[in-house]
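A.B. asks: this one's structure only:
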């Protein structure tokens, strides 16, 4: 681990990886980027499974206490909350406990109740069950639209300038990659005006989100072409 | 809200609700129990949707700061982490930041990468895609066995007396309800010896888990029959 920088295993288009990249940018933590190609199946190869048996990105390797080795952290929120604890400023949560719980509730709805139902692995299994690749896309569109309708209602009541009130938080960091996924499946965002407003504003103005955008990653199609 | 006790909206067989019940028991927080029948669809009725537009249990209503009303908290981990922050002892996390991140990683894998893929709503949709109710069961069995194989590998290396080392934690509280779900789908737990050992030991000895067991809830089949 050169210079004791943490190492992030990431895939450019993985929304879970984007969340962690955004937090690393926000907290100005330098890190080394190691791409894992989820589309071609590198996450299932022995080389990566020996790092994370779950076969998932992101993974963050951090120096251990004695400085002679590393610890492997997995799962995006676990990594993010570790980063928050070890690098508390700027914080990704409001100070007030109730407001923090509201942010955490939005985060969990996106991270647990939307993303896993529409990721690559689930979509492929749904296509198999439905008997055609189109059924995989139909599955993803069903879940994203159903859940966005509910999310819109909650964000309509909780949001201010940001997803929860007027403070930038982890809810915003999780929202943007999820909308990015939705756009890949041609979801009409005009149905969800609050989500659309937040997404566009965040993507245009928040440096941590802009710098961690999929297209900026070395393994992205955009970077490979340029 | 009588006596200012928090109110928990729960369904006896919901694994997400069980997690919160176990934390309330562990921290000895008295609460009022309000059942929501997920099987008959009460979560989709206007009465409950006005409480939580996500249409999900658990929901915890807690007194607001001024004491003249309440705040509604949704999503199980958001509720649990609020309880941890406001009632820190006994803690559900190790003090060491790395160990805490390992616990959080196990928790997130169960809560995000297993449970949502095999809950009632997802199973019903999978049955629709597959063209028969049996396909819903096949879907759940596929995800539970695939993910348990990975979880077994990680817990084999991280566990001691408990899921992560020798300290009882939120990982244990999330593991038990997930295995309880697996048993409903006749998963052969002998394939996962570490998970099986932890489950049996926790269910036999941990008071917070025993007291919050589905069969002990007023809306359970067991209680209705007795």
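C.D. replies: Yep, that arrived. No experiment lies behind these values; they were computed from the predicted model shown.
A.B. asks: In chain A, mark out all the strands, start to finish.
C.D. replies: Secondary structure of chain A by DSSP state E: the strands cover A:7-10, A:32-35, A:59-63, A:70-74.
A.B. asks: quick check: domain ranges of chain A?
C.D. replies: A:7-90, A:97-210 (automatic domain parsing).
A.B. asks: hmm, the last one touching chain B?
C.D. replies: Pointing back at domain A:97-210 there. Yes - Domain A:97-210 is in contact with chain B by Cβ under 8 Å from any Cβ of the partner chain, via A:97-98, A:100-102, A:104-105, A:107-109, A:111-113, A:115-117, A:122, A:125-126, A:129-130, A:135, A:139, A:142-143, A:150, A:153-154. (Glycine included, C-beta is placed from N, CA and C.)
A.B. asks: Give me the buried subset of these.
C.D. replies: A:97-98, A:100-102, A:104-105, A:107-109, A:111-113, A:115-117, A:122, A:125-126, A:129-130, A:135, A:139, A:142-143, A:150, A:154 (16 or more other Cβ atoms under 10 Å in any protein chain shown).
A.B. asks: can you give me the angle the lengthiest helix in chain A makes with strand B:70-74?
C.D. replies: Counting residues, the longest helix in chain A under DSSP state H turns out to be helix A:133-158. Angle of helix A:133-158 versus strand B:70-74, following axes from the mean of the first three to the mean of the last three Cα atoms, to 10 degrees, is 160 degrees.
A.B. asks: Now do the buried residues in helix A:133-158.
C.D. replies: Neighbour-count burial for helix A:133-158 [16+ other Cβ under 10 Å]: A:135-140, A:142-144, A:146-148, A:150-152, A:154-155, A:158.
A.B. asks: still on that earlier bit, which among the strands of chain A is found nearest to chain B?
C.D. replies: Relative to chain B, the nearest member of the strands of chain A by Cβ to the nearest Cβ is strand A:70-74, separated by 4.7 Å.
A.B. asks: quick one: strands adjacent to that closest one?
C.D. replies: strand A:59-63 (antiparallel) (DSSP bridges).
A.B. asks: ok now the partner strand, how far from the chain's centre?
C.D. replies: Distance of strand A:59-63 from the chain centroid (Cα atoms, centre = their mean, to the nearest Å) equals 17 Å.
A.B. asks: who's in contact with that strand?
C.D. replies: By Cβ atoms under 8 Å, 6 or more residues apart in numbering or on different chains, the residues outside strand A:59-63 that reach it are A:1, A:4, A:6-9, A:20, A:31, A:51-52, A:69-74, A:79, A:82, B:98.
A.B. asks: ok, back up a step: can you add mean pLDDT and mean neighbour count and give the strands of chain A back as CSV?
C.D. replies: What follows is the strands of chain A, written out as CSV (pLDDT from 0 to 100; neighbours: other Cβ atoms under 10 Å in any protein chain shown):
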stretch, mean pLDDT, mean neighbour count
strand A:7-10, 97, 23
strand A:32-35, 96, 15
strand A:59-63, 95, 22
strand A:70-74, 95, 19
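A.B. asks: can you redo those strands as a markdown table with distance to residue A:185?
C.D. replies: A markdown table is the format used below for the strands of chain A (distance: least, Cβ to Cβ, whole Å):
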| stretch | distance to residue A:185 |
| --- | --- |
| strand A:7-10 | 22 |
| strand A:32-35 | 23 |
| strand A:59-63 | 26 |
| strand A:70-74 | 27 |
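A.B. asks: circling back to that earlier point, now, the buried ones among the residues of domain A:97-210 next to chain B that are in helices?
C.D. replies: Cross-referencing these against helices under DSSP H gives A:97-98, A:100-102, A:104-105, A:107-108, A:122, A:125-126, A:129-130, A:135, A:139, A:142-143, A:150, A:154.
A.B. asks: picking up where we left off before, relative orientation of the longest helix of chain A and helix A:97-108 in degrees?
C.D. replies: In terms of direction (the same axes, to 10 degrees), helix A:133-158 departs from helix A:97-108 by 170 degrees.
A.B. asks: average model confidence for helix A:133-158?
C.D. replies: For helix A:133-158, mean pLDDT rounds to 97.
A.B. asks: my read: residue A:73 touches residue A:83, true?
C.D. replies: No - using Cβ atoms under 8 Å as the test, residue A:73 is too far from residue A:83 to be in contact (9.3 Å).
A.B. asks: packing partners for the longest helix of chain A?
C.D. replies: Where contact means 3 or more Cβ pairs under 8 Å, 6 or more residues apart in numbering or on different chains; DSSP states H and E, helix A:133-158 is packed against helix A:97-108, helix A:120-130, helix A:170-184, helix A:193-205, helix B:120-130.
A.B. asks: Please identify which of these is closest to residue A:26.
C.D. replies: Comparison of the helices and strands packed on helix A:133-158 against residue A:26 by Cβ to Cβ identifies helix A:170-184 as nearest, at 7.6 Å.
A.B. asks: which of the residues in the closest one are buried?
C.D. replies: Buried-residue list, helix A:170-184, by 16+ other Cβ under 10 Å: A:170-182.
A.B. asks: got TSV for these, with pLDDT too?
C.D. replies: Compiled in TSV, the buried residues of helix A:170-184 are given as follows (pLDDT from 0 to 100):
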residue	pLDDT
A:170	98
A:171	98
A:172	98
A:173	98
A:174	98
A:175	98
A:176	98
A:177	98
A:178	98
A:179	98
A:180	98
A:181	97
A:182	98
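A.B. asks: Could you dump those residues into a markdown table with distance to residue A:38 added?
C.D. replies: Listed next are these as a markdown table, based on distance: Cβ to Cβ, whole Å:
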| residue | distance to residue A:38 |
| --- | --- |
| A:170 | 23 |
| A:171 | 25 |
| A:172 | 24 |
| A:173 | 20 |
| A:174 | 19 |
| A:175 | 21 |
| A:176 | 19 |
| A:177 | 14 |
| A:178 | 17 |
| A:179 | 19 |
| A:180 | 15 |
| A:181 | 13 |
| A:182 | 18 |
